[in-house]
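Peer 1: Everything below, folded, please.
(one chain, ligands or ions: 1)
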Amino acid sequence: MMSTLWAMLFGNKEYKIVMSELFNLLESDELAKTPILVYANKQDLRDAMSVEELTGALMLHSIRNHDWHIQACCALTGEGLLDGINWVYQRTKGNAS
Ligand SMILES: Nc1nc2c(ncn2[C@@H]2O[C@H](COP(=O)(O)OP(=O)(O)OP(=O)(O)O)[C@@H](O)[C@H]2O)c(=O)[nH]1
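Peer 2: Numbers count the residues shown, from 1 in each chain. Sure, this is the predicted structure:
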């Protein structure tokens, strides 16, 4: 079954593993053209990686064959979560399979 959303929710640890898994998944035919939403979680914490830091650490600008978006959020309060979902909705509406 074709995925329509692949989202990651993580803070400031293990981003190298996440990046490696992300780029492996992007090779998959099943995920061709799937939009990529990255949540930069724990933005309420001072030592959380910022959106800019995560964008660089995950090398998101090197993703050429997928739409991608990185969304600041705080899972504790819910801030930013709907903004991310709304981005996916805008990218996928009309594409129901
Ligand atoms: N301050 C803060 N804490 C959060 C946030 N999201 C999750 N946590 C807390 O982070 C802790 C770890 O959450 P888990 O869901 O176990 O995540 P994990 O992937 O196992 O661990 P992390 O890599 O630390 O996120 C829990 O105590 C959560 O309540 C957030 O946005 N802000």
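
Peer 1: Name whatever forms a beta bridge with the residue minimising distance to the centre of the chain.
Peer 2: Geometric centre of the chain, nearest residue: residue 38, 1.5 Å, by CA atoms, centre = their mean. Using DSSP bridges, the bridge partners assigned to residue 38 are residue 8, residue 70.

Peer 1: which non-adjacent residue is nearest whichever residue of the chain sits closest to the ligand?
Peer 2: The ligand sits closest to residue 75 of the chain, with a gap of 3.5 Å, by CB to the nearest ligand atom. C-beta coordinates here come from the backbone N, C-alpha and C atoms, glycine included. Using CB to CB, 6 or more residues apart in numbering and skipping residues adjacent in sequence, the residue nearest residue 75 is residue 41, 5.4 Å away.

Peer 1: Would you confirm that that neighbour contacts residue 70?
Peer 2: No - here residue 41 lies out of contact with residue 70, judged by CB atoms under 8 Å, at a distance of 10.9 Å.

Peer 1: So for these two, which sits in the more crowded spot?
Peer 2: Taking other CB atoms under 10 Å, residue 41 and residue 70 do not tie; residue 41 has more neighbours (23 against 20).

Peer 1: before we move on, what SS does residue 76 have?
Peer 2: Secondary structure for residue 76, judged by DSSP: H, G, I helix; E, B strand; the rest coil, is coil.

Peer 1: can you pull the contacts of it?
Peer 2: Shown in contact with residue 76 (CB atoms under 8 Å, 6 or more residues apart in numbering): residue 44.

Peer 1: Helices of this structure, start to end?
Peer 2: 15-26, 51-57, 81-92 (DSSP state H).

Peer 1: got these as TSV, with mean neighbour count, mean pLDDT and distance to the ligand columns?
Peer 2: Supplementary listing: these in TSV, determined by neighbours: other CB atoms under 10 Å; pLDDT from 0 to 100; distance: least, CB to the nearest ligand atom, whole Å:
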stretch	mean neighbour count	mean pLDDT	distance to the ligand
helix 15-26	14	83	10
helix 51-57	15	92	13
helix 81-92	15	95	10
